[in-house]
Every structure is written in structure tokens, then in C-alpha cells.
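# Quick one, what's the 3D model for this:
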Amino acid sequence: MKRYIALLRGINIGGKNKLAMTDLKTASTELGLLSVKTYINSGNLIFTSPIDDQYLLQTMIETMIKETFDLAIPVYLILQTDLKMILNNAPDWWGTDDQAIYDNLIFILSPLSTQTVYDALGRPNTSYEKESPDDKAIFWSFIRKAYRQTNWWAKTAKSTVSTKLTIRTANTVKKIVDM
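Numbering: from 1, shown residues only. From the prediction side, this is the model:
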């Protein structure tokens, strides 16, 4: 049995794609997922499954969400152990207690590559933001008060790759990796 983390893209943002986490937990349990937990209202689903095929699990969850809630939601699925490895490789500047900095982890949905994300977003404005790629995600931080001066803030929501990204704060990622 393996522990997985599913990140649902675009849930409960700006009144769109409304999905109660209690309903998601119930539907996931009915799907056969075990020890199901959710975290905050942004589509973080943590569960155990005897199924080793991540693509199959991802497809099962996406299909369940479509059939149960009538929402076509992309799902990023990762093993809990893989997310721990990503966080172990975090740059020193990411995920600190500095409240002036906003730390995020950008998850890249398949089949998109890190290079395609960089091609679409360009390079960050190093005066206000930092980034560091991992194989499955990109660490990204910026000065909170200067978010409008960053190169990536608007582009992560409006670029050609925006529908293939899901972003979580450092605090959220650090919480769900241990659930």
C-alpha cells in the first residue's frame, strides 16, 4: 500500500469549480481509496491505495470528480515519498519563515515539461522573484509587496501552460506531505 497526494487544479477559486472537501472525501472513500484526508478548501486529497499505477489512479479520480460533481478537473498525483524527496531538495531560500516572501511550489501536470513552462513564462524578474526547478515541480518565491512587478505572477494564470499547472504554498505542501 502506498500513500498518495492528489492536487486538484482550480478547485474553489473565485466561486468557480465549487467542491466541498467533505463531499470529495466521501466520494473518494466510495471509490475505494483508503485513509482519505483532505486539507483546506483548495483540493488537496491525501490517501492510501493498493493500486501502483499512478496514471490509473489519476484517471479514476478525475473520472469520479466528473461523474459525481460534474467538474472536469485536472489532477496532479504524486507519491507521498516522492513529494518528500522534492522538499528535501528545496533551495535554502524557499519555505522560510520570512513573512515578506511568498513561497510556492508549481506542480507541472503531464505531459508538460519543465522546459515548456520556462518557454511560456520566461525568466523570473530576479529583483523580485526566485525560482529553482526540480524534475516534477518548480520552487518559486517572490516578494509579497512586489508581486505585480514579478514576471511570473500574471503569466502563471494567463499563459498557454496555465491549465497544466497547479500551485501550492510552501505551508500547504509542508503540511500535506506528512498527512
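
# Show me the strands in this structure, by range?
2-8, 34-39, 44-49, 75-79, 101-108, 129-133, 137-143, 165-169 (DSSP state E).

# Any chance of CSV for those, columns distance to Asp92?
For the C-beta atoms, the positions are set from N, CA and C on the backbone; glycine is no exception. Converted to CSV, the strands of the chain look like this (distance: least, CB to CB, whole Å):
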stretch, distance to Asp92
strand 2-8, 24
strand 34-39, 26
strand 44-49, 25
strand 75-79, 23
strand 101-108, 12
strand 129-133, 10
strand 137-143, 11
strand 165-169, 18
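
# Measure how far stretch 89-99 is from the centre of its chain, please.
17 Å (CA atoms, centre = their mean, to the nearest Å).

# actually stretch 20-29, not the one I typed
Put simply, stretch 20-29 sits 18 Å off its chain's centre (CA atoms, centre = their mean).

# What's the mean pLDDT across that stretch?
Mean per-residue pLDDT for stretch 20-29: 97.

# cool, stretch 83-93 as well?
For stretch 83-93, the mean pLDDT works out to 96.

# looking at this structure, which helix or strand is least sure?
Ranked by mean pLDDT, DSSP states H and E, the weakest helix or strand in the chain is helix 152-158, scoring a mean of 87.

# Give me the residues contacting the longest helix seen in the chain.
Longest helix in the chain by number of residues (criterion: DSSP state H): helix 54-69. Residues outside helix 54-69 that contact it (CB atoms under 8 Å, 6 or more residues apart in numbering): 4, 6, 8, 19, 23-24, 27-28, 31, 45, 49, 51, 71-79.

# Check those for burial and list the buried ones.
4, 6, 8, 19, 24, 27-28, 31, 45, 49, 71, 73-78 (16 or more other CB atoms under 10 Å).

# Tell me how many other residues crowd Phe107.
Counted by other CB atoms under 10 Å, the residues lying close to Phe107 total 23.
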